[in-house]
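In: this is a predicted model, with the sequence first.
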Amino acid sequence: MIDIKTLLETPDVVQKNNQNRGKTIDISLATSLAQERSELLVQVQTARTRANEIASLIANAVSQEERKPLVDEGRAVKETAKTAETKLAQVESDLENELRKYPNLLRADVPIGKDETSNQTIRTHLDPTVFNFEPKDHLVLGETLGIIDMDRAAKVAGARFVYLKGDGVLLEFALIQYALSVTAKENFVPVIPPHLIATQAMGSMGYLEHGGEDEIYHLKNDDLVLIGTSEQAIGPMHTGEVLDVGALPMRYVGFSACYRREAGSYGRDTRGILRVHQFDKVEMFSFTTPDKSDAEQELLLSIQERLMQGLRLPYRVMKLCSGDTGAPSARTYDIETWIPSQKTYRETHSTSNTTDFQTRRLNIRVKQDGKNVFAHALNGTAFAIGRTLIAIMENYQQEDGSIIVPEVLRAFVGRDRINAVAKK
RNA sequence: GGAGAGGUCGCAUAGCUGGUCUAGUGCGCGCGACUCGAAAUCGCGUAUACCGCAAGGUAUCGAGGGUUCGAAUCCCUCCCUCUCCGCCA
């Protein structure tokens, strides 16, 4: 949600921002609602002031003759107040609904563009892996090695689910340990959050608008939804709190499964585990003061790169253009990793500075220079485990179908190569 | 799931026979006095949002609704916490 003040004071800036994101929003709706709201506010306050005066007069009145007319006026004022209040509540909720449609204001350095073709390549690390044989894709490798079983997952849960088995599981835990050990150096506090959260908490993270609701699994008999990323459960942790400025930046590294319906992606990435309904992810999340969030995002990005460089995987860093940046984000960087079987880079990491877009709804503030201001919130992938496994398997595959374990993971996996097991 | 208790200003508590209660007290915190300095002591101050140039005003005692001229105080619904029982990884 954006600040109504921003809209009222700089409507052209907001208008332009919406335009750059490919959103058409009639701002006159919000501005006229805001106008109506302040008028009603005055009405309500005036009525209430009088009502309080009357109550106080009655409390001090002694005789019945004095009481009677006051009580009558009190009744009348109450009616006036009630009518105005009802209208006010309606206008306020209309205004909020209207404002929820607005995407966050983009940072000035975000390139303008319609879609991903306008994303900017910031840098590239390592050249694409060269093979002197025809590399297999991760599904072939995984099935042969007995670490990925999608056929049985389909029997049990349907399409886009997976059983990860054997050394695949060891690899996953190794990635988690590796990510925790690196983020610990920057004082990230590990968190395992609830996977089910109240619908309202999800709403306050801004995921129920802008088409996001189609992505979310709702529980039929409870007012709960499955998280699509641990960010959705970590952000609301501090709802309504005023954070101690000395405690910032407040950094969490969450581990959770992520559940996504993948509605609207029918037929896309149907092979393998690139796009599944459930995957595990290690996710960084920071709260900062407003002046520090851009620096924090650079830190998140640098940690992501440190993790990838440790794995020695070829990747490139992209800055998303205006049209490709998610609504809550003011700036997003993606890391795309080389996937040999597709001969292209695919998104494995993402980091967003959501500035005060989420914290305004969550009412998470920080006292800075004696004033409470909304904190800034940021998130960044440490590892989307599934996609990282794809990258490792494909880039580290050997001609015999075995996979070399990246050096930084060997201590955690307990061996340096994953070989085929007899198929069961 | 059953029975009971409870949710008040950063923390702890008072208020709950409705009326200067946004709310007392203690602690904590800030400023000041005393002191060479500190402790102790004393004095003052100590929520947030919105309207207003300001003075000031309005709202908020878990959330929402109701009764009333007036509710922290009475009624209803919901949420959460605690204790006991049941069940359970």
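Out: Thanks, I have it.

In: so the nearest residue to residue A:136 once chain neighbours are set aside bridges to which residues?
Out: The shortest distance from residue A:136 to any non-neighbouring residue, by CB to CB, 6 or more residues apart in numbering, is to residue A:397 (6.4 Å). Backbone N, C-alpha and C define where each C-beta goes, glycine included. For residue A:397, the beta-bridge partners are residue A:403 (DSSP bridges).

In: contacting residues for residue A:397?
Out: Counting by CB atoms under 8 Å, 6 or more residues apart in numbering, residue A:397 touches A:131, A:135, A:136, A:141, A:340, A:403.

In: now, of the residues you listed, which are buried?
Out: A:135, A:136, A:141, A:340, A:403 (16 or more other CB atoms under 10 Å).

In: buried set for stretch A:187-196?
Out: Applying a neighbour-count criterion of 16+ other CB under 10 Å, one finds A:188, A:191, A:193, A:195 buried in stretch A:187-196.

In: ditto for stretch A:108-116
Out: Neighbour-count burial for stretch A:108-116 flags A:110, A:111, A:113 (criterion: 16+ other CB under 10 Å).

In: I figured the second one hits residue A:122, correct?
Out: No - Residue A:111 lies out of contact with residue A:122 (CB atoms under 8 Å); the separation is 10.7 Å.

In: and stretch A:49-59, does that touch RNA strand B?
Out: Yes - counting by CB under 7 Å from any atom of the strand, RNA strand B has neighbours in stretch A:49-59: A:49, A:51, A:52, A:53, A:54, A:55, A:56, A:58, A:59.

In: and that stretch, C-alpha only, in PDB?
Out: The C-alpha coordinates for stretch A:49-59 follow below in PDB (Å, rounded to 0.1, in the frame of the first residue of the first chain):
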ATOM      1  CA  THR A  49     -16.800  17.100  20.700                       C
ATOM      2  CA  ARG A  50     -20.300  18.300  21.400                       C
ATOM      3  CA  ALA A  51     -21.300  14.900  22.700                       C
ATOM      4  CA  ASN A  52     -18.500  14.900  25.100                       C
ATOM      5  CA  GLU A  53     -19.400  18.400  26.300                       C
ATOM      6  CA  ILE A  54     -23.000  17.300  26.900                       C
ATOM      7  CA  ALA A  55     -21.900  14.200  28.800                       C
ATOM      8  CA  SER A  56     -19.700  16.300  31.000                       C
ATOM      9  CA  LEU A  57     -22.500  18.800  31.600                       C
ATOM     10  CA  ILE A  58     -24.900  16.100  32.600                       C
ATOM     11  CA  ALA A  59     -22.400  14.700  34.900                       C
END
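
In: picking up where we left off before, which ones among the buried ones among the contacts of residue A:397 lie within helices?
Out: residue A:141 (DSSP state H).

In: for RNA strand B, state which of the buried ones among the contacts of residue A:397 is nearest.
Out: The closest of the buried ones among the contacts of residue A:397 to RNA strand B turns out to be residue A:403 (CB to the nearest atom of the strand; 33.7 Å).

In: residue of the stretch 301-424 of chain A closest to RNA strand B, please.
Out: residue A:372 (3.7 Å).

In: grab the nearest non-local neighbour of that residue.
Out: Spatially, and ignoring its direct neighbours in sequence, residue A:372 is nearest to residue A:365 (4.4 Å; CB to CB, 6+ apart).
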